[in-house]
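Student: Following is a predicted model, sequence given first.
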2 protein chains.
Amino acid sequence: MTAISNKVINRLTLYHCLLKYTCKGNSFIASSKIADLLDLDDSLVRKDIALCGVLGHKKQGYVVAELKKSIEQKLGFSDRKEVFIIGAGRLGTALIHYADFKDYGIDILALFDNNPNKIGKEEGGKRIISLEKLPNLISRINIKNIILTVPPYAAQEVTDYAVKYGVRFIWNFTPTVLKVPKSVTVYNENVISSFMQMQNSKNK
Amino acid sequence: MTAISNKVINRLTLYHCLLKYTCKGNSFIASSKIADLLDLDDSLVRKDIALCGVLGHKKQGYVVAELKKSIEQKLGFSDRKEVFIIGAGRLGTALIHYADFKDYGIDILALFDNNPNKIGKEEGGKRIISLEKLPNLISRINIKNIILTVPPYAAQEVTDYAVKYGVRFIWNFTPTVLKVPKSVTVYNENVISSFMQMQNSKNK
């Protein structure tokens, strides 16, 4: 992926959702339609799309299939990204069943847990493996990405382990702030913040 | 909640997580410690905290309990926000078990689904109610907030219903772009975007 800002990434993924679901069955889409549905400026939408190297057709707009494919290329959806989920609780198992991940190149290889009743079972076709085997498997398969869905009290300990054995990206679904070296990226999936931001729009 | 930007809300919720979990048991915390853990500028952290009306003590920093409480007041965690979850699938039920919601004033009253095998059952102490009863219950209880976790193909139809009967805030966990009137706020919980943004930090 060539360097684009996080805001552009966010918008491109929304355009992609729109093309994939809302506009399914349509051949063409105008930038003004995308802008309207997402409450954005038309010129901004056209600028984002230009970054993907797609040209619109006069009057008809963009070819839906072409635009969708170009966004996928720009965002690197075809690059395979191998991921472990740590924590086979409700959220971890909900995520493994999120069928769409595959479409974005996110390949969840396994779940890890320390509950003996869960270890060895399968969820969404993936094995639940003992947490004890995590260090060895991270380094052997050279895993760089983990999704963290453990209880808050276990979050830092698991993070320390994962980082020690080579993980570089932590998608943190726990409500904790993780201490990591500068070389590691944590993305906090801060659901409470999302809700509060939504409510904040009252004050606009 | 007095008007503050979404970026400030996001940071304050992270400080709150930090005080609640990472710093549990500590009496004091310095702004520089918060800044370091979250990879932020110290002056920015102090500015955010000043917005909450909390003063630090020389050398020792802020009183953890006081700072935590002030953030809760600033973000309106004690204001009760009644919410329906629409879609009692894996994600919907994972969310109802997210015990922390109560601490933020988010009161999930019920789940809705159209699967006869689920209707009447309970999840996390909340009843799963038939989707047919949604319009009546939204207007009777005057529900303004919904969490949407239905399959993509059903998202727009459910949204249209909910909006028609008075919903004003939709926390959208489906990967679809929803068409709503200007008076309604949709917050797209765009998980794919989060992952792509995390990966994008490689290019920094």
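Tutor: In hand now; what should we look at? Remember, predicted model here, so these are calculated numbers, not experimental data.

Student: all strands for chain A, in order.
Tutor: Read by DSSP state E, chain A holds these strands, from start to end of the chain: A:28-29, A:62-63, A:81-86, A:106-113, A:122-123, A:126-130, A:145-148, A:169-172, A:185-188.

Student: Touching the longest one from outside, list them.
Tutor: Judged by C-beta atoms under 8 Å, 6 or more residues apart in numbering or on different chains, the contacts made with strand A:106-113 from elsewhere in the structure are A:80-89, A:92-93, A:95-96, A:101, A:119, A:123-124, A:126-131, A:133-134, A:137, A:141, A:143, A:147, B:192, B:195. C-beta here means a position set from N, CA and C on the backbone, and glycine is covered the same way.

Student: Direction included, what does it pair up with?
Tutor: In the sheet, strand A:106-113 lines up against strand A:81-86 (parallel), strand A:126-130 (parallel) (DSSP bridges).

Student: And the second one, by the same measure?
Tutor: Strand A:62-63 sits in its sheet next to strand A:28-29 (antiparallel), going by DSSP bridges.

Student: quick one: low-confidence ranges for chain A?
Tutor: By pLDDT under 70, the weakly predicted segments of chain A are A:1-2, A:99, A:202-204.

Student: sorry, back to before: what about the strands paired with strand A:106-113, which gets the closest to residue B:29?
Tutor: Each of the strands paired with strand A:106-113 was scored for nearness to residue B:29 using C-beta to C-beta, and the closest is strand A:81-86 (27.3 Å).

Student: Dump the C-alpha coordinates for that closest one into PDB.
Tutor: Presented in PDB, the C-alpha positions along strand A:81-86 are these (Å, rounded to 0.1, in the frame of the first residue of the first chain):
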ATOM      1  CA  LYS A  81      -2.300 -10.800   6.400                       C
ATOM      2  CA  GLU A  82      -2.000 -13.700   8.800                       C
ATOM      3  CA  VAL A  83      -3.600 -13.100  12.200                       C
ATOM      4  CA  PHE A  84      -4.000 -14.900  15.500                       C
ATOM      5  CA  ILE A  85      -6.900 -14.100  17.800                       C
ATOM      6  CA  ILE A  86      -6.000 -14.200  21.500                       C
END
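
Student: OK, contacts around residue A:114?
Tutor: Applying C-beta under 8 Å, 6+ apart, we find residue A:114 in contact with A:130-132.

Student: repeat that for 6 Å
Tutor: Going by C-beta atoms under 6 Å, 6 or more residues apart in numbering or on different chains, residue A:114 touches residue A:131.

Student: distance of it from residue A:69?
Tutor: Applying C-beta to C-beta, to the nearest Å, the value for residue A:114 to residue A:69 is 42 Å.

Student: Give the ChimeraX command for selecting the buried subset of the contacts of strand A:106-113.
Tutor: Selecting in ChimeraX just the buried members of the contacts of strand A:106-113, where the criterion is 16 or more other C-beta atoms under 10 Å in any protein chain shown, is done with this command:
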select /A:81,83,84,85,86,87,88,89,92,93,95,96,101,119,123,124,126,128,129,131,134,137,143,147 /B:192,195
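
Student: that older thread, now tabulate the strands of chain A in JSON lines and tack on distance to residue A:73.
Tutor: Listed next are the strands of chain A as JSON lines, based on distance: least, C-beta to C-beta, whole Å:
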{"stretch": "strand A:28-29", "distance to residue A:73": "18"}
{"stretch": "strand A:62-63", "distance to residue A:73": "15"}
{"stretch": "strand A:81-86", "distance to residue A:73": "15"}
{"stretch": "strand A:106-113", "distance to residue A:73": "16"}
{"stretch": "strand A:122-123", "distance to residue A:73": "31"}
{"stretch": "strand A:126-130", "distance to residue A:73": "28"}
{"stretch": "strand A:145-148", "distance to residue A:73": "21"}
{"stretch": "strand A:169-172", "distance to residue A:73": "21"}
{"stretch": "strand A:185-188", "distance to residue A:73": "23"}
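
Student: of all those, which lies closest to residue A:158?
Tutor: Of all these, strand A:81-86 sits nearest to residue A:158, with 5.5 Å by C-beta to C-beta.

Student: Please list the residues of chain A that sit near chain B.
Tutor: Chain A comes close to chain B at residues A:3, A:6, A:9-10, A:13, A:17-18, A:21-22, A:37, A:75, A:90-91, A:94, A:97, A:100, A:104, A:152, A:169, A:175-177, A:185, A:187, A:189-190, A:192-194, A:196-198, A:200-201, A:203, as judged by C-beta under 6 Å from any C-beta of the partner chain.

Student: Now restrict these to buried residues only.
Tutor: Neighbour-count burial (16+ other C-beta under 10 Å) applied to these gives A:9-10, A:13, A:17-18, A:21-22, A:37, A:75, A:90-91, A:94, A:104, A:169, A:175-177, A:185, A:187, A:189-190, A:192-194, A:196-198, A:200.

Student: how's chain A carved up into domains?
Tutor: Here the domain assignment for chain A is A:6-74, A:81-192, based on automatic domain parsing.

Student: Tell me which of those domains approaches residue B:157 most closely.
Tutor: domain A:6-74 (12.4 Å).

Student: roughly how far is the closest one from the heart of the chain?
Tutor: Taking the mean C-alpha point of domain A:6-74 and that of its whole chain, the gap between them comes to 19 Å (C-alpha atoms, centre = their mean, to the nearest Å).

Student: Just the terminal-to-terminal distance for that domain.
Tutor: Terminal residues of domain A:6-74 lie 13 Å apart, using C-alpha to C-alpha, to the nearest Å.

Student: Also stretch A:113-127?
Tutor: The first and last residues of stretch A:113-127 sit 10 Å apart, counting by C-alpha to C-alpha.

Student: measure residue A:73 to residue A:10 for me?
Tutor: Taking C-beta to C-beta as the measure, residue A:73 and residue A:10 are separated by 18 Å.

Student: cool, and residue A:149?
Tutor: 22 Å.
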